[in-house]
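Enquirer: got a predicted model here, sequence first, then my questions.
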Number of protein chains: 2
Amino acid sequence: MGKSKTQSFSEESNTLAEVAKALSHPARIEILKFLLTAESCVCGDIVSTLPLSQSTVSQHLKALKDSGIVKGTISGPNVCYCINPIIWSKFGNLLSVFFNKKPQNLICEPTCC
Amino acid sequence: MGKSKTQSFSEESNTLAEVAKALSHPARIEILKFLLTAESCVCGDIVSTLPLSQSTVSQHLKALKDSGIVKGTISGPNVCYCINPIIWSKFGNLLSVFFNKKPQNLICEPTCC
DNA sequence: AAAACTTATCGTAATATTGCGATAGGTATT
DNA sequence: AATACCTATCGCAATATTACGATAAGTTTT
């Protein structure tokens, strides 16, 4: 098929996977890094920093907006994109909680791993 | 096109995006959660817990293995999958450093965002 | 050696993602 | 009103991902 069987997994797993998916393209990482430095929030400035067309960057911005991590505000003829600090820390916490679970591999010793 | 322009972005962004990509499917999250609890490391047991076919789970395990976060060891007729604790904490740190950068949005105040 | 079992890989199909140009729809300027 | 400008969306093409059944390749058991 190819369609992800989202309904078959736990809500927590789906949420984490969605967070990860929002971050799973280098262009989206670079957009977030740019917004973190707060040099500018104007869409056109974001487009200028990336080696991608305006329409492609617009799609990546939409993906970030759909995830909630970024919000866009119309500002005259421009659109200002900002990180949503609430969601930013929420996503950070989700990932932090996940990775703070330390792997034990108790069963496997000493044979494997 | 459809081909990701990986070479155009910074190495740091590519690395982060790859980490995120490894985590971007709920089945892979559930596999990692299962391995974290260390109930078992046997491939067949992982397959049993997921609502996916054996071949599909095998693909997800390959994706996790390719990212480095999981390693597989042949153990008789079975394969034992374990989290690589070095890579686990490395990935955790990468994400932690990223999300510890707090968004400021100084420029935008008070007009937007 | 044969049979049973476990897992990886191949082949295929459906769907999703990435990327771009063209264009539409908005605001500001003239 | 006409023009210039900015951004979102549409349409398309290329590639990647997800999923499954079938099969191959390995080990163990019989």
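Expert: Yep, it's here.

Enquirer: could you tell me how many residues sit around A:Phe99?
Expert: For A:Phe99, the number of neighbouring residues by other C-beta atoms under 10 Å in any protein chain shown comes to 20. No exception for glycine: its C-beta is placed from N, CA and C like everyone else's.

Enquirer: likewise for A:Pro103?
Expert: For A:Pro103, the neighbour count with other C-beta under 10 Å is 19.

Enquirer: hang on, it in a strand?
Expert: No - counting by DSSP: H, G, I helix; E, B strand; the rest coil, A:Pro103 is not part of a strand but coil.

Enquirer: would you mind measuring from it to B:Ser89?
Expert: Computed as C-beta to C-beta, to the nearest Å, the A:Pro103 to B:Ser89 distance reads 9 Å.

Enquirer: same check on A:Thr56?
Expert: From A:Thr56 to B:Ser89 the distance is 34 Å (C-beta to C-beta).

Enquirer: neighbouring strands - and their directions - for the worst-scoring helix or strand of chain A on mean pLDDT?
Expert: When each helix and strand of chain A is scored by mean pLDDT, DSSP states H and E, strand A:70-75 comes last, with a mean of 91. Strand A:70-75 sits in its sheet next to strand A:78-83 (antiparallel), going by DSSP bridges.

Enquirer: show me where chain A has helices.
Expert: Ranges of helices in chain A, per DSSP state H, are A:11-22, A:26-37, A:43-49, A:54-67, A:85-100.

Enquirer: format the ones you listed as TSV; extra columns: mean pLDDT and distance to B:Ile83.
Expert: Conversion of those to TSV gives the following (pLDDT from 0 to 100; distance: least, C-beta to C-beta, whole Å):
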stretch	mean pLDDT	distance to B:Ile83
helix A:11-22	97	15
helix A:26-37	96	24
helix A:43-49	95	36
helix A:54-67	97	26
helix A:85-100	97	11
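
Enquirer: to DNA strand C, which of those lies closest?
Expert: Comparison of these against DNA strand C by C-beta to the nearest atom of the strand identifies helix A:54-67 as nearest, at 3.2 Å.

Enquirer: A:Leu52: neighbour count?
Expert: As a burial measure, A:Leu52 scores 17 neighbours (other C-beta under 10 Å).
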